[in-house]
Structure formats: structure tokens, C-alpha cells
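Participant: 3D, please:
(chains A and B)
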Protein chains: 2
Amino acid sequence: MTSPLPAYEAPVPVLALGDVLLISLQGELHDGTAEQLQQDISRRVAGSAATGVVIDVSGVEIVDSFLGRIIAEIAAAVRLLAARTVLCGMRPAVAITLVELGLTLPGLVTTLDVDRAFDVLRRSDPGRAEEGT
Amino acid sequence: MTSPLPAYEAPVPVLALGDVLLISLQGELHDGTAEQLQQDISRRVAGSAATGVVIDVSGVEIVDSFLGRIIAEIAAAVRLLAARTVLCGMRPAVAITLVELGLTLPGLVTTLDVDRAFDVLRRSDPGRAEEGT
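Facilitator: Residues are numbered from 1 along each chain as shown, chains lettered A, B, ... in the order given. As a prediction, this is how the structure comes out:
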């Protein structure tokens, strides 16, 4: 019961808005696409002046442990690259599923929508190389 | 030769960023999803203070006359609702295909990326009810 043809999955676009990278996750994220996205985000953060990454998951209706892990790993890599990740737009059902899976995403900032995510990044932008006080 | 099960397509998320709505189109857009998106955008523009709509198509690798028509129709509806549409992130191959299809999207402002799309909307924001001079 393998799927007849491994549907080609286009990479998820990483949009640059000033010094923030915005990713709008939609539908299901396949293994290859998720790996590609991790690499794309890390490269873009490292190669640009990006100080923040906003991942909107309002287009995600079903979440599994894989997606939870991917988001946590992206956030960890982004932090190592001196930027911050804000997760936004999570549906209540997705939040409940994540908790049931034991994925409470500790240390990850979440907001209700993209606007608030940008606010969070703007309010406390510590700069890239130095920490604000 | 109908498809065995009509794969459920989640709606495309419409992200509000200040008074601009951002839509990141990814992969293929199915008939139902496109119709839903048209309605979502029109409702959101009418029901909010949105003065602009940015449609990023950098995640779209294959374009057909259907998608071209949908984008033109969205832009037309948005204009009637006193807001502006900027299309951005188009791949060169997609641009060539659109021209070959005779869809040159007249009257639609395009930019290379999301940042420039926001710049265009910011530079010449005519306000909602009145035209600037």
C-alpha cells in the first residue's frame, strides 16, 4: 500500500518582510518539504539581516508529532543563529493535539495572529550580535 | 477517470499585517479552494481596515489559465472594495506561461518580492474612501 507516485511537493516559500522571515504553513508538511524548509530558514537567517522568524500555522488543521518536532527544531536552529521564532495562528484543536502528544513547545513564543507576532519581535528586538538590557 | 476521492483542500490562510492582507499561494490551487479564497479575501477586505492585498506566488511553480483568471478576479473585486492588490514573487517561468496563455494581467501591480509589495502599498496609500492627489 505505497502511494502510487510520490507527489512532488513544492518547497514552502520563506517570505522576507524587512528583517523578519514569514512562513505560512499550509495543509500537510511532508518529510522532504519539512527538511527543505529547515534548511531554507536556517540559510536565510544566516545569510540575511533577519532578526526574527514568524511561522503562521493558521493553515494547518492537522498536526502530528512530526510537525511539532520540526517546528521545535526550526526554533532551536534559529536561536543559535541569533534570531527569534514566534509561532502564530494556532487553531485550538491543534494546540490540544500538541499537548496530548506531549509537545508543549517550551521556550517558543506563540501569538494569536501574525500582527501580534510582528509586535512581539518589534517590541523586544535585542539586535543581532548583542543582547539588549 | 474521476479521482478516487476528492482530496480535502484546506483553505488558503489570509494573514492580516496591519492594514494589508497577505496571501502566500503554494503548490496547486484547486477549484473549491480558489473560490473559497476569493470569498475570504473579499470578506476580509470589506470587514476590516485593509487597504491592500499582497498575493505572493513564489510558492507557485505551475500556473494555468485558471490560476491567472482567479488572480485577476480577486484583484478586480479588491479594487471594487476600495483596496489595492499587488502580486509578487512570480517566477520567470510562470510569467512566460501567463503571457503565452494571453494572461498579461493588465492593471495589476507586480513586484519582485513581498518587501517591495509592501513598499508599493505604503508609498501610495490613497486611503480607503478618498483618492489622494
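
Participant: please name the bridge partners of the residue most central in space within chain A.
Facilitator: What sits nearest the mean C-alpha location of chain A, by C-alpha atoms, centre = their mean, is residue A:55, with 3.6 Å. Beta-bridge partners of residue A:55, counted by DSSP bridges, are residue A:23, residue A:87.

Participant: residues touching it, list them.
Facilitator: A:23, A:25, A:71, A:74, A:85, A:86, A:87, A:88 (C-beta atoms under 8 Å, 6 or more residues apart in numbering or on different chains). The C-beta positions use only the backbone N, C-alpha and C, and glycine is treated the same way.

Participant: what about the strands in chain A?
Facilitator: Taking DSSP state E as the test, the strands found in chain A are A:15-17, A:20-26, A:52-59, A:84-88, A:109-111.

Participant: could you dump those strands to a markdown table with mean pLDDT?
Facilitator: Below are those laid out as a markdown table (pLDDT from 0 to 100):
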| stretch | mean pLDDT |
| --- | --- |
| strand A:15-17 | 96 |
| strand A:20-26 | 96 |
| strand A:52-59 | 96 |
| strand A:84-88 | 96 |
| strand A:109-111 | 96 |
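
Participant: in TSV: these, plus distance to residue A:42.
Facilitator: Shown next, in TSV, are those (distance: least, C-beta to C-beta, whole Å):
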stretch	distance to residue A:42
strand A:15-17	14
strand A:20-26	10
strand A:52-59	10
strand A:84-88	11
strand A:109-111	18
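
Participant: excluding sequence neighbours, find me the nearest residue to residue A:64.
Facilitator: residue A:101 (7.5 Å; C-beta to C-beta, 6 or more residues apart in numbering or on different chains).

Participant: what's the local residue count around the one you found?
Facilitator: When neighbours are defined as other C-beta atoms under 10 Å in any protein chain shown, residue A:101 has 15 of them.

Participant: quick one: it from residue A:16, how far?
Facilitator: 31 Å (C-beta to C-beta, to the nearest Å).

Participant: just residue A:79 next, same as before
Facilitator: For residue A:79, the distance to residue A:16 - C-beta to C-beta - is 19 Å.

Participant: just residue A:104 next, same as before
Facilitator: Distance from residue A:104 to residue A:16, by C-beta to C-beta: 30 Å.

Participant: tell me which of the two has more neighbours.
Facilitator: residue A:16 (15 against 12).

Participant: can you pull the contacts of residue A:91?
Facilitator: A:57, A:58, A:60, A:61.

Participant: could you do residue A:30 as well?
Facilitator: residue A:9.

Participant: ok, now residue A:93?
Facilitator: residue A:61 are the contacts of residue A:93 under C-beta under 8 Å, 6+ apart.

Participant: could you list the contact residues of chain A toward chain B?
Facilitator: When proximity is defined as C-beta under 8 Å from any C-beta of the partner chain, chain A approaches chain B at A:9-13, A:15-18, A:22, A:24, A:26-27, A:56, A:58-61, A:89, A:113-115, A:118.

Participant: hmm, 7 Å instead?
Facilitator: A:10, A:12-13, A:15-18, A:24, A:26-27, A:56, A:58-59, A:61, A:89, A:113-115, A:118 (C-beta under 7 Å from any C-beta of the partner chain).

Participant: now the buried members of the contacts of residue A:91.
Facilitator: A:57, A:58, A:60 (16 or more other C-beta atoms under 10 Å in any protein chain shown).

Participant: among those residues, which one lies nearest to chain B?
Facilitator: Nearest to chain B among the buried ones among the contacts of residue A:91, counting by C-beta to the nearest C-beta, is residue A:58 at 4.4 Å.

Participant: burial measure for the residue nearest to residue A:46 when sequence neighbours are not counted, as a count.
Facilitator: Closest residue in space to residue A:46, ignoring its immediate chain neighbours: residue A:81 at 5.3 Å, by C-beta to C-beta, 6+ apart. Residue A:81 sits with 17 neighbouring residues when counted by other C-beta under 10 Å.
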